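# predicted model and sequence follow; I will ask about them next.
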Amino acid sequence: MQNLTNKKIFKFWLPLLATWLMMSIEGPYLAALIARMIEPKFNLAAYGVAYSFGLIAEAPIIMIMSAATALVKDRDSFIKLKNFTYAANVIITLILAFCLIPPVFNFISMTVIGLPKNIADLTFNAMFFLLPWPAAIGYRRLYHGILIKNGLTRRVAYGTVIRLASMSLTALLMYLYLDVPGVIVGACGLSAGVIFEAIATKLMCLGIVKKYLADEFEEVEKLNYRGIFRFYYPLAMTSILSLGVHPMVTFFMGQSRFPIESLAVLPVVNSLIFIFRAVGLSYQEVIIALMDDKNKNYKLLKNFAVYMSVGVMVILGLITFSPLSTFWFRDISGLSLELTQFAITPSQILFILPVLTILISFQRAMLVNSRKTKPITMASILEVCGILLTLFILTNVFDFVGAVAAAAAYVAGRILSNTYLMKPFINAIGKEK
């Protein structure tokens, strides 16, 4: 994009932000429904565990959007990345199905994580309905990347509107008319949303796909499957490590003080924080798409990120450090007064996480643009290690409440990751300049 300005960045980014913000509504909406159904504490806990398993399953494929934005440039690269994505989707779905074999699932949920049988059973039922979720996410993120690559970010937002509407309608109808546990309502809503969004995204991408298949784009470079794998596996490992840490956090919370309360409130707290993390998460593809080959747009994109960081800190700070936190958790999320008190402290600790997300999105985007993705994986390894070490110390040495320890661990791990990426990030900037 020539003559880039803050206004152009904003117009390009806004539909992607809207997409992430709409996705961020899913968590509070579903949690609010579950909190108003029978046995909310157990169903919220099971929903949090099932969602964690779902995140692990989608982790290997979720970064395909960044790969598509960076790599799809002509007919050959499109076909190869599409085949790569479809193969990964099949493998992921088969692995998830294997984990749902009852003896395997019982070993993971009750023996390894230590869930009570009633919560493990609720989680199993939810996971069955989440089986199509990872493949649908991989499918639509491939085409999201192509839409972003071609400057059609509004269509990404349109697809998310369809996702949110189908998710909301499915969950609401089940809530009103079916006598099923709340965790099933949440799982079915999530799956319905991503399936309808995947279909809509493909339809909105048909015109561009036809141009790729008709060879209307100039061939830039010959891409092979080995090259795709070498480029993508550090990104996949990053997602696996980042999202795979959630079940390990669940394990530590299950062994901590107030385990059921912690399992119940953490997904609700994370839903609030995710709304503000969406600002940074949506910005990564903007940087990949708008940063020119010689990083001439770096200063503009960096300044825009600074403005976002200040805005996020002010707004989230007003919510988490004021009576608005009680209003959010009790009146909007539907938590009991007891669970609301458990939720406030973790939300205050996680107050800084959205700003760290903006920073790491910038760091990762610059490294993806320079085709140096390996440091991203190493940073994620350090982040996971930092989270687990902090959790172990806080729960076993200082006997923290599980949700508080988890919040502190997430922040500590992310700071460690940001710190490690700073040097390769600076090198990527200098090398291109």
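Ah, there it is.

# from now on I want contacts and neighbour counts done on CA atoms only, so please keep to that.
OK.

# give the buried residues for the lowest-mean-pLDDT helix or strand in the chain.
The helix or strand with the lowest mean pLDDT-type score in the chain, counting by mean pLDDT, DSSP states H and E, is helix 225-254 (a mean of 81). For helix 225-254, a neighbour-count test (16 or more other CA atoms under 10 Å) marks 228, 231-254 as buried.

# likewise stretch 169-183?
170-172, 174-175, 181-183.

# what do you get for stretch 37-52?
Within stretch 37-52, the residues that count as buried by 16+ other CA under 10 Å are 37, 40-52.

# ok, the closest residue to residue 382 other than its chain neighbours - contacts?
Closest residue to residue 382 apart from its sequence neighbours, by CA to CA, 6 or more residues apart in numbering: residue 417 at 6.1 Å. Counting by CA atoms under 8 Å, 6 or more residues apart in numbering, residue 417 touches 360, 379-380, 382-383.

# what strand or helix carries residue 417?
Here residue 417, judged by DSSP states H and E, is contained in helix 402-432.

# and the pLDDT at residue 221?
Looking at residue 221, its pLDDT stands at 66.

# same question, residue 171
Note for residue 171: predicted pLDDT of 92.

# quick one, phi psi at the nearest residue to residue 284 once chain neighbours are set aside?
For residue 284, ignoring the flanking residues on the chain, the nearest one in space by CA to CA, 6+ apart is residue 361 at 4.9 Å. Main-chain torsions, residue 361, degrees, to the nearest 10: phi -60, psi -40.

# was I right about residue 361 contacting residue 281?
Yes. With contact defined as CA atoms under 8 Å, residue 361 reaches residue 281; the gap is 6.3 Å.

# contacts for stretch 285-299?
1, 4, 9, 12-13, 66, 69-70, 148-149, 301, 362, 365-366, 368-369, 429, 432-433.

# can you give me the helices for the stretch 201-350 of the chain?
Assignment of helices within the stretch 201-350 of the chain using DSSP state H, counting those that start in this stretch yields the ranges 206-213, 225-254, 259-281, 283-290, 298-320, 324-326, 337-349.

# scratch that, the stretch 51-200 of the chain
Using DSSP H, counting those that start in this stretch, helices in the stretch 51-200 of the chain cover 64-71, 75-99, 102-106, 117-129, 133-149, 153-177, 182-204.

# off-centre distance for the shortest one?
Average the C-alpha atoms of helix 102-106, do the same for its chain, and the two points are 26 Å apart (CA atoms, centre = their mean, to the nearest Å).

# in it, which residues are buried?
For helix 102-106, by 16+ other CA under 10 Å, it's 105-106.

# residue 147: neighbour count?
24 (other CA atoms under 10 Å).

# same check, this time on residue 20
Around residue 20 there are 23 residues (other CA under 10 Å).

# same deal with residue 99?
With other CA under 10 Å as criterion, residue 99 counts 18.

# these two touch, right, it and residue 105?
Yes. Using CA under 8 Å, residue 99 is in contact with residue 105, at 5.5 Å.

# ok, now how distant is the nearest residue to residue 140 once chain neighbours are set aside from residue 130?
Spatial nearest neighbour of residue 140, chain neighbours left out: residue 198 (4.5 Å); criterion: CA to CA, 6+ apart. Computed as CA to CA, to the nearest Å, the residue 198 to residue 130 distance reads 15 Å.

# before we move on, what about residue 170?
To residue 130, residue 170 is 14 Å away according to CA to CA.

# joint contacts of those two?
Residues touching both residue 170 and residue 130 (CA under 8 Å, 6+ apart): residue 188.

# contact partners of stretch 384-398?
Under CA under 8 Å, 6+ apart, the answer for stretch 384-398 is 241-242, 245, 248-249, 252, 255-257, 400-402, 405-406, 408-413, 416.

# mind doing that once more with 10 Å?
238, 241-246, 248-249, 252-253, 255-257, 378-383, 399-417 (CA atoms under 10 Å, 6 or more residues apart in numbering).

# in it, what's buried?
Buried, per 16+ other CA under 10 Å, within stretch 384-398: 384-388, 390-392, 394-395.

# follow-up on the earlier one: please name whichever of the contacts of residue 417 scores lowest on pLDDT.
For the contacts of residue 417, the least confident entry is residue 380, with 89.

# need the contact list for that one.
Here residue 380 is in contact with 234-235, 237-243, 386, 413-414, 416-418, 420-421 (criterion: CA under 10 Å, 6+ apart).

# below-threshold pLDDT in the stretch 201-350 of the chain: ranges please.
Regions of the stretch 201-350 of the chain meeting the criterion pLDDT under 70 cover residues 216-221, 247, 293.

# pretty sure residue 383 is touching residue 413, no?
Yes. The criterion here is CA atoms under 10 Å, and residue 383 meets it with residue 413 at 4.2 Å.

# which residues do these two both contact?
What both residue 383 and residue 413 touch, as defined by CA under 10 Å, 6+ apart, is the set 242, 389.

# out of these two, which sits in the busier spot?
Taking other CA under 10 Å, residue 383 and residue 413 do not tie; residue 383 has more neighbours (27 against 23).

# okay, and the more buried one sits in which element?
Judged by DSSP H and E, residue 383 forms part of helix 374-392.

# list residues touching both of residue 99 and residue 105?
In contact with both residue 99 and residue 105: 124, 127, using CA under 10 Å, 6+ apart.

# could you list the buried residues of stretch 17-26?
17-26.

# scratch that, stretch 317-324
For stretch 317-324, the neighbour count (16+ other CA under 10 Å) marks 317, 319-320 as buried.

# still on that earlier bit, elements contacting the least confident helix or strand of the chain?
helix 40-62, helix 64-71, helix 75-99, helix 259-281, helix 353-369, helix 374-392, helix 402-432 (3 or more CA pairs under 10 Å, 6 or more residues apart in numbering; DSSP states H and E).
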